[in-house]
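Peer 1: got a structure for you, letters missing:
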């Protein structure tokens, strides 16, 4: 398959009998995407849901990818809430809209990969269904704090997922996204006037 800017490449080879799906040598690469941006709160999708069990098959990998897709949908909804709050000044609003667009690109890539691996992508929910604490968002700083918390949770969630993949090429792609999540967390902390690199490790 030819790589395009916003596609995730999946190369397949004949599957050994008994595997029940595409081979381990399948892989994906995120091509030309911008930073992942803020994903969703670990409280909404705990790290344990990713890292509790080591993947032993393509089906397990698809389950992890579907969790990632659900988090990306939550991120899209969270940015929508922030954008519609009326609390963001124009430069910050522009960044929020840009980050949301990046998450939409990630969701498209994840959904396509899940389908190519023989799975069924999860569906997005309405923003109100995610239970965001909208009543507590009363200023731009509140929105940025909310976003920074989600960003940190996303980075931690990807960190938990990376070593669990059966297909290690998927792990590499998840690690790339984790790096992007971390960069966005740093940007948000900086916007709040906080130390953008508060620790040597992601907790």
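Peer 2: Nice, thanks for sending it over. Remember, it's a predicted structure, so these values are computed and weren't measured experimentally.
Peer 1: Run a quick neighbour tally on residue 98.
Peer 2: 13 (other Cβ atoms under 10 Å). Every residue, glycine included, has its C-beta placed from N, CA and C.
Peer 1: now the helices: where do they sit in this structure?
Peer 2: 48-51, 58-84, 90-116, 140-161, 168-191 (DSSP state H).
Peer 1: give me phi/psi at the residue nearest to residue 186 when sequence neighbours are not counted?
Peer 2: Distances taken as Cβ to Cβ, 6 or more residues apart in numbering put residue 196 closest to residue 186, at 4.1 Å, once the chain neighbours are dropped. When read as degrees, to the nearest 10, the backbone of residue 196 gives phi -70, psi -10.
Peer 1: now the helices of the chain in TSV, with mean pLDDT?
Peer 2: Listed next are the helices of the chain as TSV, based on pLDDT from 0 to 100:
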stretch	mean pLDDT
helix 48-51	45
helix 58-84	90
helix 90-116	87
helix 140-161	87
helix 168-191	85
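Peer 1: Now distance to residue 131 too, for the ones you listed, in a markdown table please.
Peer 2: Formatted as a markdown table, the helices of the chain follow (distance: least, Cβ to Cβ, whole Å):
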| stretch | distance to residue 131 |
| --- | --- |
| helix 48-51 | 16 |
| helix 58-84 | 10 |
| helix 90-116 | 18 |
| helix 140-161 | 13 |
| helix 168-191 | 21 |
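Peer 1: Identify whichever of these lies nearest to residue 130.
Peer 2: Nearest of the helices of the chain to residue 130, taken as Cβ to Cβ: helix 58-84 at 5.4 Å.
Peer 1: what about that closest one, distance to the chain center?
Peer 2: 6 Å (Cα atoms, centre = their mean, to the nearest Å).
Peer 1: which other helices and strands contact that helix?
Peer 2: Here helix 58-84 touches helix 48-51, helix 90-116, helix 140-161, helix 168-191, going by 3 or more Cβ pairs under 8 Å, 6 or more residues apart in numbering; DSSP states H and E.
Peer 1: for the ones you listed, which one ends up most surrounded?
Peer 2: Most buried of these, by mean neighbour count (mean count of other Cβ atoms under 10 Å): helix 140-161, with a mean of 22.
Peer 1: Relative to the whole chain's centre, how far out is it?
Peer 2: Using Cα atoms, centre = their mean, the mean C-alpha position of helix 140-161 is found 11 Å from that of the whole chain.
Peer 1: any idea of the angle it forms with helix 58-84?
Peer 2: In terms of direction (axes from the mean of the first three to the mean of the last three Cα atoms, to 10 degrees), helix 140-161 departs from helix 58-84 by 170 degrees.
Peer 1: Right, I'll call it a day here.
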